[in-house]
Structures are given as structure tokens and as C-alpha cells.
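> Give me a model of this one.
(chains A and B)
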2 protein chains.
Amino acid sequence: MVSTLRDLAQDGRLTELREWLDGHGTLEIADGLARLDPDERAVPFRLLDKGRALAVFEALDPVHQQQLLDALRDERVVELVSAMAADDRARLLDEMPAKVAARLTVGLSAADRQATATLLGYPPDSAGRIMSPDFISLRATTTATEAVAKLRSAGRRSQRSRAVVLPVTDGQRHLAGVVDLLDLVTAPPDTLVADLMRPETLLVRATDDQEVAARLIQEADLVALPVVDREDRLVGLITVDDAMEVLEAEETEDISRAGGAEPLDRPYLAASVAQLARKRVVWLLVLIAAAALTVNVLQYFEGTLATVVTLALFIPLLIGTGGNCGAQAATVVVRAMAVGEVRFTDLSKIIWREALVGILLGAMLAAVGFPLVALYTAVTGSGDWGFAVQMAAVVSITMVSVCTWASFVGGLLPVLAKRIGIDPAVVSAPLITTLVDATGLVIYFLIARAILL
Amino acid sequence: MVSTLRDLAQDGRLTELREWLDGHGTLEIADGLARLDPDERAVPFRLLDKGRALAVFEALDPVHQQQLLDALRDERVVELVSAMAADDRARLLDEMPAKVAARLTVGLSAADRQATATLLGYPPDSAGRIMSPDFISLRATTTATEAVAKLRSAGRRSQRSRAVVLPVTDGQRHLAGVVDLLDLVTAPPDTLVADLMRPETLLVRATDDQEVAARLIQEADLVALPVVDREDRLVGLITVDDAMEVLEAEETEDISRAGGAEPLDRPYLAASVAQLARKRVVWLLVLIAAAALTVNVLQYFEGTLATVVTLALFIPLLIGTGGNCGAQAATVVVRAMAVGEVRFTDLSKIIWREALVGILLGAMLAAVGFPLVALYTAVTGSGDWGFAVQMAAVVSITMVSVCTWASFVGGLLPVLAKRIGIDPAVVSAPLITTLVDATGLVIYFLIARAILL
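Have a look, this model is predicted:
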């Protein structure tokens, strides 16, 4: 499918291109465009009729939107940008060079320009950035019929099916409650909005973190969440589709950090090799600095190592397993914090549970490993069974100690990190693995010295 | 806050308990209950009035719902279960022992029992399991006024603000399109539904994967997605709140596997230590089996190691860094696949890019590392600069090779896994780290032999 769109676009077969576009949905077209080179996208896009073009444009990632606008360079640019919802437009303009953004906003109506500027005035990642400032609010003293008439006269604009929860405000624009469109429609005509509305206790401030707002929408199954300013006046609504986008970005960030990289700010294939490398190099340097500790530990025990070279064989296995235990604990705890299942007050419960899990897992692995290590050492070595059993004891005892220690650290660090204001995902898998490597080696050689020498 | 609820519940201070409940929202109460021991939850729950109790009950996780029902054991149980939406009820019953589930369904109305049984008839993780079977459908030949009258007579039931997108069907219950409630309400009274509806191209089959349905809802910013059966007849709607829940569970699964553990099927604090350990032990055994390779590799090179013990110092650093590079590549690619940015046809692009990123990162680390390794080896060792420079060369060349190889493997394996039907998250960080350990050691010792011996 993709190669077809590309072939058609490159060969300029306009009739077939039009047929292809007619035969595919909005999402498929957006996906197809994203996979073309930036300069190939303008031709198929121009073939879309106006309504379709806007829908496809809205389905593109901001990076691709910007590239497409660069390629179009005509009156359609202004048309597309003004037809966007204010919050989507703010998101697009925010990622553009200031000059380009300024040029684009010139074409907007005064109201649109104002709405966008207001959104961009809120801090990055705040609820204000993603709210919809163009909502319809009702008064508590209106009847259901009057409310419906107000909706009708307001028309649809860019709101689509979003106006399904309507905020109710007083004369000072303070939020009094919300009313469901369905209730408004199915109530007897003379019912007052006051009798239909729920006094709304769930709301956020425009300066609150957008992740907090998104989680609230998710947990309370909301379709829209009211946003108020410092004086508690209603300034916008965050809709569930924006919440899903925020949570997806947040999860991409968590997953990236869990894998030891900063999140990409664009789709994978739209990022250059240099951009990919840049997102990872800082982490690698941090991790390698931590890993340098292992060199020092081993250098300290070089004498022991030279005496019993067999000890070296189990280094990757032991520190690898320790790292895995630590990563498991950290990952589970980071996730439980992200979805709000645990918090700082649960710390003692968490580390106690993780330490127990570590002992349990270490003991199981040690039980399986003891005979295997003894057998392996005896067979590959001199056949000295006394030494083989000693080695097996060293490896098994180290296994239990390292697993317990790693699980403990893996449970502890993310919670502490969050407490002091660091994203817990930062201290997950790779960092803990690396930290546990050095301490694991110390444990291993101390046990080895005690038993073998 | 939690300790207060617990104190009040344990001391049986009912008046204060009631005050506490009045002063907190649904989500806070649900969170507070979840943090109590199972047998402490019944008392505060009984103090809630009927509507509130249902809302709190719906906000609980299925595990906690089940525990609460166990503790209540009276007519309220039937009341709570029948008041749930059919899809939520199916989810709860599905997780109960069959006997308990059967006992509960006895109290349901015939219609509710039928709806629940239908949902449970679809395969696990299918779209049919999470759809709402009690929707209101319209005919294309109805007028807007008649449609609104139909909504009014249908009442609200458990649908809340969900009926904001209404499906339109023909006489055979085939889906003809959907109409937004807002359009229905704001259109002139005599407009036909046919003129208001969008012919719907976005739908899923009841047997489709629920993650596919959820991603579609997210990407197309839908509020509800129609579900049809094998004969294309409309059987339900999936709403955006269910989609968010599916995506959250899916992301928890991905994150768990990225951390080397199977996902928990319950909140972290509700899982026992044994359950936590069980979710991790299989992975640890698989990983340790893979790590056993490293023992064999090192045993094979034991002679080299005995001759140049200094080589052992850099083992954890090198394989750790290789593992980190592989984990970074795998994590980014797994995520890009999960959100639909890349697919199998992009494979050659992915591995080419990842290999380049690996070379770039390896070269940077090698450039930084070369002088440091030379200096460290000379100072801590015999002061033999010739040997120190050779060691630095071995470590640097290994660094570039291992980073390139690890990134390549990290990009390749998740895509291949998905191709053959394995969850790509399974082959992410820990597995790749472990696989790369053994090959990294081979690379290291081959380079060391060539340069040093």
C-alpha cells in the first residue's frame, strides 16, 4: 500500500492517485503521507478536497504537519492553520521556529490569534496548553430548551462531538457545575439547567501538570474536564482525546527512560540518525561512568582473581542476574507509581516486599544453580570436587545476596527519586542494573575470599 | 489521609467515618478503600448512600471489587452487580471463580444475564469483551425530533454521557453510519437522520483484538467505535473510557516485559510476595539460561584470561555498555511499533539506522575511553605504557564493535518477533542485554588475542 502511494506520487499519475485517495480512509492517508519523503507529500495532499484535507492534516504528527506546511507555501497554509482547533494549533506553533510561527499567525482572525496566544502563555506541559478555550457555557437559570437553542445558534465550529459535557458558570465565570448534553436533551423542556447539573468537584488549574489532568480524566472516566484560572474562573475544557495523547506521550517517555534513552520528540522514522544518537549518548555516558566503578572493584580484587581465574567465569552471569532482579523490581514499582497505585507513604511496604521477593527468587535460582555450577566446574576444571563444591557455594550464596540487594535497591530508588522531584523512570532498569553491578562484584569477591582463600 | 480512614474504620468511629466520606470525592474514597485490608472495607462502604456506593464500587479495580463483594455477602451484592454496566460486569465475573460468578448472576434480570453471557462468549482480549451491548440505535428515515424522543423514552440506564455518538442501522441491524448527538440536537427538527449521519468506515469486528480497537479510537479521536459481528450486524459500541483502560493495561504489559517480568493482573499492593515472585521467576530462569552462554565463552578463553588478568577488569564495563546500547535500540523500536509508527516493511530502514547509531555512539565512547583506559592501565599496572596503549586499543575497538552489533540486534529482534507472532516487548531490554553479553565477550577476546598475543 505504501509503495503504491509512493510510486503514484513519484510518477505523477494523478488519476490513479486520486483513486487511491478515494479508496482509503483518513488515517490510512495520513499514515501513507507520513511515510513519503517530505517533498513528495504536497502533490497527493493537494488532490484531497477541502474537508478531507483538514481531517488528514489533523491526523498528522506536528512534525509532519510542519513539513507539509513548508512544502505547500500558499494560501492553503493559512486556511489549514485557521481551521485547526485552538489547542492543536498551539501545539503545532509551539514546535515551529518563532519566525515561521509568527508568519503563520498573521493570517489568523483576531479571535483565533488571541486564543492561541493565551494557550501558549501557559507553561509547557501545563493543563492550559492542551485545553480547548472555545467552549459553550450555560447558566444555571436557563431552561433546557433555551440551552439547546444556544447550542444551535453557536453552530459547530471545530468542536465536533466534544460539546457533550457543558460547563455551567455564574456571572463571574466561576464554574458552578457541568451538565451532560444527553440530560439536557432528554429532560422536559422547561427544566432548569440548575436541576440537571452535577456540582463539579473534579477540575484542574490551568497551571497544573497536564499528566495530572489526563490521569484524572482516565480514572474518573470523564469526557471533558473543566480548567480554571487562579481566580477559579473557567478558562477551558480538556477533552478525553487530548488526555489520551498526553498519556501516550508520557508513556513513551517512561518507556524510553526505562530503556536508557531520552524520549524522541517526533516519530521514529522522522528522526535522523544524529537525533537518535543524541537522545542516547548522555545516558550512555552516565551509565559508563557508573560502570567505571566495576573496573575499580575488579582492580581491587585483581589478586584474588589472578589466584582463582575460575571466578571470572561467573562474573557476567551473576551481575547480569542481579541487574535483571533490580530491573524487574524498579520497572514494576515505577509503573505502579505512574498509574497511582503506590506513593511515598508505601515505601516501607515496597522495600520489605521487594527484599522478600529477592530472597525468594535468589534462593530458587541458587537451588537450581548449585549442582550445575559444581558439575560444570568439576568437569571443565581439574576434576577437583572439593574446589567445585566450594565454587558452587560461592556462586549460590552470591546469587541470593545479589538478588535480595538488587530487588531492594530497585524498589527503593524510584520512590526516593520521585520524593526529591526526579522522574522515577530515570532511575529504572539501566541505571539500577549498572549500580548493582559494582556492589554485586564486591559481594561476590568478599564471599569468594571467605570461602576459597 | 489513608491512616485516618484506616484509624476511623478500625476504631469503628462511625460518625467521624461518615464525615470523612462526605468530605472526599469518589476517587479518593475508592483509593482509600483499596489501601485498607480486605476485611476492613465493608464498614465504610456500608455507610455510603446508594448512588455514591455504586460510583465508588465502579471506580475500584476488579480485584478489590471481588474482595468487597466477598466481605458484604448480603442483598447489596446483587444490587451492586446488577447496577454495573454490562461490560464492567463481564470483566468482574470473568476474574471470579466460576462458582461465585454463577451465584452472582442468579440475582440478575434475564436481560442483564443475557448481555453478560454474550460478552463472556467472545474470546479473551477481543473487542466483544469490552463493548457496551446496551446502545440505542436509530433508523436513517427517522427525523431528528423523533430520534430525540426515542432517546428520551429510553431513559438513561447505566449509559451516562456515553450516548453521544449514535449508531444508525437498517432493518437487518446492519450499520449504516453514525450520528453525533450534538448534530441531532442542533439540526432543524424535521431533518432526517440520513442527512446528519456520517457513513461509518471505522468499525471493528467483535472478534478483533481489543488493542486494535483501542488504538483506532485513540488515533481517530473517537468517542465510541461500532462493533459488528461476522454478518456485519451491529452488536455493540466500545467507548473511549474502555479504550483508555485497554491501552493502560497494554502499556503496563509492555513496560513489565521491558523490565523482564510478566505483567501483574492486579494492583501492585494487592499482589502477594509469592505472586510477585511468580511473575518474575520464569523470566529470570530464561535469562539465566541465556547468561550461561557467557560462562562457556569465558571458559573457552580462560587461557587468554589467565595470561592477561587485566582483561577481566573491563568485562562488566564492556558488556554492560553493549547491553545498554541494545536495550536503547530495542526499547525505541518496540515503542514505535506499539504506537504504529513502524512496521515489518520498515525493517531494512530500522536496522540500517540502528547500526549507524551504534557506530556513532561506539565511536564517541571509544574516543572518550581510549586515553582514560590507557592512563588507568599504566597507573594501576606496571607502568608499562606499551601494554597500556594496547589495552586501550582493545577496549576502544571492542566498544565500537559491541555498540554497533548490539544496536543492530536491538533493532532487528523486536521486528522479527512481531513478524512471527511474538509480543515484541518480550524481546526487549533484558533478553537482548543477555544475548548481547555472550557475543560481546567473544568479540572482546578475539580482538584482545589479535592485538595482545
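> make it CA atoms for all contacts and neighbour counts henceforth
Fine.
> my read: residue A:235 touches residue A:207, true?
No: at 11.4 Å, residue A:235 and residue A:207 do not qualify as touching, with contact defined as C-alpha atoms under 8 Å.
> list residues touching both of those two?
Between them, residue A:235 and residue A:207 share these contacting residues under C-alpha atoms under 8 Å, 6 or more residues apart in numbering or on different chains: residue A:229.
> which one of the two has more residues nearby?
Applying other C-alpha atoms under 10 Å in any protein chain shown to residue A:235 and residue A:207 shows that residue A:235 carries more neighbours, namely 21 against 18.
> The more buried one belongs to a strand?
Yes: assigned with DSSP: H, G, I helix; E, B strand; the rest coil, residue A:235 falls within a strand.
> can you list contacts of the helix or strand of chain A with the lowest mean pLDDT?
Within chain A, no helix or strand scores below helix A:2-11, which has a mean of 74 by mean pLDDT, DSSP states H and E. The contact list for helix A:2-11 (C-alpha under 8 Å, 6+ apart) reads A:14, A:16, A:17, A:20, A:32, A:35, A:36, A:40, A:41, A:43, A:44.
> Number of residues surrounding the second one?
Neighbouring residues of residue A:16 were enumerated by other C-alpha under 10 Å; the total is 14.
> Can you say which helix or strand has it in it?
Assigned by DSSP states H and E, residue A:16 falls within helix A:14-22.
> Please name every helix or strand in contact with that helix.
If you count contacts as 3 or more C-alpha pairs under 8 Å, 6 or more residues apart in numbering or on different chains; DSSP states H and E, helix A:14-22 packs onto helix A:2-11, helix A:42-47.
> and among the ones you listed, the most buried is which?
Compared across those, helix A:42-47 shows the largest average neighbour count, a mean of 17 (mean count of other C-alpha atoms under 10 Å in any protein chain shown).
> Show residues contacting that helix.
A:9, A:17, A:18, A:53, A:68, A:71, A:72.
> For the second one, give me the pLDDT.
Each residue has a pLDDT score; the one for residue A:17 is 87.
> so where does residue A:141 fall, helix or strand?
Assigned by DSSP H and E, residue A:141 belongs to neither a helix nor a strand.
> Just read off the phi/psi values of it.
When read as degrees, to the nearest 10, the backbone of residue A:141 gives phi -90, psi 0.
> what about residue A:210, distance to chain B?
Noted for residue A:210: a distance of 16 Å to chain B, by C-alpha to the nearest C-alpha, to the nearest Å.
> pretty sure that residue contacts residue A:244?
No: using C-alpha under 8 Å, residue A:210 is not in contact with residue A:244, being 11.1 Å away.
> pLDDT weak spots in the stretch 51-200 of chain A?
Along the stretch 51-200 of chain A, segments meeting pLDDT under 70 span A:155-163, A:200.
> Write out the residues of it neighbouring chain B.
Applying C-alpha under 8 Å from any C-alpha of the partner chain, we find that the stretch 51-200 of chain A lies next to chain B at A:59, A:148-149, A:151-152, A:155, A:161, A:163-165, A:180-182, A:185-187.
> Counting only strands, which of these make the cut?
Counting by DSSP state E, these place A:165, A:180 in strands.
> Buried ones from the residues of the stretch 51-200 of chain A next to chain B, can you make that a ChimeraX selection?
Those of those that count as buried under 16 or more other C-alpha atoms under 10 Å in any protein chain shown are selected in ChimeraX with:
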select /A:59,148,151,152,161,163,164,165,180,181,182,185,186,187
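> and the helix or strand that contains residue A:357, which residues are buried?
Here residue A:357, judged by DSSP H and E, is contained in helix A:347-380. Residues of helix A:347-380 classed as buried: A:350-366, A:369-371, A:373-375, A:377-378 (neighbour count, 16+ other C-alpha under 10 Å).
> what does stretch A:27-47 give?
Those would be A:27-36, A:38, A:40-45, for stretch A:27-47 by 16+ other C-alpha under 10 Å.
> Can you give me the first-to-last residue distance of that stretch?
Start-to-end span of stretch A:27-47 (C-alpha to C-alpha, to the nearest Å) is 16 Å.
> which residues touch residue A:63?
Taking C-alpha under 8 Å, 6+ apart, one finds A:92, A:95, A:266, A:270 in contact with residue A:63.
> In helices, which of those residues fall?
Using DSSP state H, the members of these that fall in helices are residue A:92.
> now the strands for chain A?
So, for chain A - with DSSP E - the strands run A:165-169, A:175-180, A:204-205, A:224-228, A:234-239.
> that older thread, what's the closest of the helices and strands packed on helix A:14-22 to residue A:418?
Across the helices and strands packed on helix A:14-22, the minimum distance to residue A:418, taken as C-alpha to C-alpha, is reached by helix A:2-11, at 43.4 Å.
> Measure how the closest one sits relative to helix A:14-22, angle-wise.
Put simply, helix A:2-11 runs at 150 degrees to helix A:14-22, going by axes from the mean of the first three to the mean of the last three C-alpha atoms, to 10 degrees.
> gap between helix A:2-11 and the chain center?
33 Å (C-alpha atoms, centre = their mean, to the nearest Å).
> Of the strands of chain A, which is nearest residue A:421?
Minimum separation from residue A:421 across the strands of chain A (C-alpha to C-alpha) falls at strand A:204-205, 20.3 Å.
> Output stretch A:347-354 as CSV, restricted to C-alpha atoms.
What follows is stretch A:347-354, C-alpha atoms only, in CSV (Å, rounded to 0.1, in the frame of the first residue of the first chain):
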residue,chain,number,x,y,z
LEU,A,347,7.9,3.0,50.9
SER,A,348,8.5,0.7,53.8
LYS,A,349,5.9,-1.8,52.4
ILE,A,350,7.5,-1.7,49.0
ILE,A,351,11.1,-2.3,50.1
TRP,A,352,10.1,-5.0,52.5
ARG,A,353,8.1,-6.8,49.8
GLU,A,354,10.9,-6.4,47.2
